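Chemist: got a predicted structure plus its sequence, pasted below:
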Amino acid sequence: MSKKALITGVTGQDGAYLSELLLSKGYVVHGIKRRTSLFNTDRIDHLYQDPHVEDPRFILHYGDLTDSMNLTRIIQEVQPDEIYNLAAMSHVKVSFDEPEYTANADGIGTLRILEAVRLLGLTQKTRIYQASTSELYGLVQAVPQSESTPFYPRSPYAVAKLYAYWITVNYREAYGMHASNGILFNHESPLRGETFVTRKITRAAAKIALGLQDVLYMGNIDAQRDWGHAKDYVEAMYLILQQDNPDDYVIATGVTTRVRDFIWKCFAWLGLELEFKGEAENETGYIAKIDAARLEELGIPNKDHLKTGTEVMRIDPRYYRPTEVELLIGDPSKSKKQLGWTPKYTLDSLVEDMISADLNLFKKDRLLMNEGFEVMNYFE
Ligand code: NDP
Ligand code: GDR
């Protein structure tokens, strides 16, 4: 009998990679997607199976973390061996605009799942993975951050996730459930949502190189993050649920990088060397050097839009957060030792994977524009 997994947040970045991974391991994967007015399944369309086929291995259910009855019904129907609770309003800045909804979905949503498993009598059958986060560390108490570093959340998102973290620990201790937290540091990929900083940068750098965008507007470019690749991180989620005993694990690379250095690396990959000038809100980034051979190799026409001295990055305080998390650097020793987990990607191979994907994506837009078609140019 194949194992059955239920993934909330299946349409998100991690949901897509985790579905691929579990299907490759022979699981039957059930995913919960929200009802939306347009299709929102781009990231998992390649996994889609016609529901009329016999014994489908990838099955989607409509559901929402704010709806207990719906979650209970789905869990009862599926009787999953493993639940991966990845669904969340996951944008830190947006959580300041939608704090109550964030608490409901990200905090109480986790309780709804744990309680459904308990009420349905599945505590000994169903293992639960909770998507916890390095945002729990918030205001720096100590570095590198490990499983024993105190939490100090700095956003409504992080506070909601703090509740989710502790309710997971509590259900484990109170009811003997196999419920674990993965405290994952930032992880990125070509499937990363467009408004998170890495993807915002890779998209903008590709578009600027192709003459589809003029300037990248940024918030705090001195924040430091420990960035890994989502493909590596979903392996860790799977490993956490294969352990005999439930536990909490930090998943990180142990390397931290400033946002400004990520920007620099992306433009450099394209053959554009940036320099920064000015301070604080007046800081800008401009093209200091152009590697024409590299642009040619990448098939980027070097027309008038790419000149030395052109400003391609400016600060817009709109992107500042009321309270910021300045420095994250994780200590993954425990997960390396106990799970045998090691990331395959480095920061440079992550940058390459993301920027090359966005360059290919926007080359299509460039071709369409050259033929006189309009292309969408929406960014936040
Ligand atoms: P995404 O934002 O890409 O995906 C979030 C998913 O949750 C989407 O499928 C979204 O649906 C779904 N969702 C949002 N609200 C609800 C709701 N009320 N009910 C049901 N589904 C909902 O996030 P990631 O894939 O990057 O992250 C996965 C999880 O891991 C999240 O919980 C996030 O907070 C956490 N995390 C992420 C890290 C990262 O660096 N990526 C690091 C640490 C933790 P829709 O597609 O309809 O919007
Ligand atoms: P984060 O990721 O808040 O760490 O949460 P994000 O990529 O949004 O921000 C990282 C850092 O970059 C700074 N920054 C900007 N961020 C965005 N989005 N847009 C900008 O223009 C910009 N300019 C500077 C931010 O201030 C911040 O310091 C992510 C999410 O995936 C969470 O769900 C997850 O829990 C954590 O990572 C770990």
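Modeler: Received it, and whenever you're ready, just let me know what you need. Ligands and ions are numbered 1, 2, ... in the order given.

Chemist: need the helices for the chain, in chain order.
Modeler: Ranges of helices in the chain, per DSSP state H, are 13-24, 68-78, 92-97, 99-102, 109-119, 156-175, 197-209, 230-242, 259-269, 292-297, 333-334, 347-370.

Chemist: quick one, which of these is nearest to ligand 1?
Modeler: Between ligand 1 and the helices of the chain, the tightest spacing by CB to the nearest ligand atom is seen for helix 13-24, at 3.5 Å. Every C-beta, even on glycine, is put in place using the N, C-alpha and C of the backbone.

Chemist: helices or strands up against the closest one?
Modeler: If you count contacts as 3 or more CB pairs under 8 Å, 6 or more residues apart in numbering; DSSP states H and E, helix 13-24 packs onto strand 4-8, strand 28-33, helix 230-242.

Chemist: just checking: what are the partner strands of the first one?
Modeler: This means strand 4-8. strand 28-33 (parallel), strand 82-85 (parallel) (DSSP bridges).

Chemist: now for those, which one comes closest to ligand 2?
Modeler: Closest of the strands paired with strand 4-8 to ligand 2 is strand 82-85, at 13.3 Å (criterion: CB to the nearest ligand atom).

Chemist: need the winner for burial among the strands paired with strand 4-8.
Modeler: Counting by mean count of other CB atoms under 10 Å, strand 82-85 has the highest mean neighbour count of these, with a mean of 27.

Chemist: close to ligand 2, is that one?
Modeler: No. Using CB under 6 Å from any ligand atom, strand 82-85 stays clear of ligand 2, with a minimum separation of 13.3 Å.

Chemist: that strand - what's its average pLDDT?
Modeler: The pLDDT scores in strand 82-85 average 99.

Chemist: with stretch 277-291 instead?
Modeler: Average pLDDT, stretch 277-291: 97.

Chemist: same check on stretch 137-151?
Modeler: For stretch 137-151, mean pLDDT rounds to 97.

Chemist: span of it from start to end?
Modeler: End-to-end span of stretch 137-151 (CA to CA, to the nearest Å): 4 Å.

Chemist: centre of the chain to it, how far?
Modeler: Relative to the mean C-alpha coordinate of its chain, stretch 137-151 is positioned 20 Å out (CA atoms, centre = their mean, to the nearest Å).

Chemist: how about the residues of the stretch 51-200 of the chain near ligand 2?
Modeler: 90, 92-93, 133-135, 185-186, 195-197, 200.

Chemist: confidence score at residue 49?
Modeler: Listed pLDDT for residue 49 reads 87.

Chemist: residues touching it, list them.
Modeler: Going by CB atoms under 8 Å, 6 or more residues apart in numbering, residue 49 touches 56-59.

Chemist: and if you look at residue 3?
Modeler: By CB under 8 Å, 6+ apart, residue 3 lies in contact with 26-28, 81-82.

Chemist: got it, and residue 56?
Modeler: Per CB under 8 Å, 6+ apart, neighbours of residue 56: 28, 49-50.
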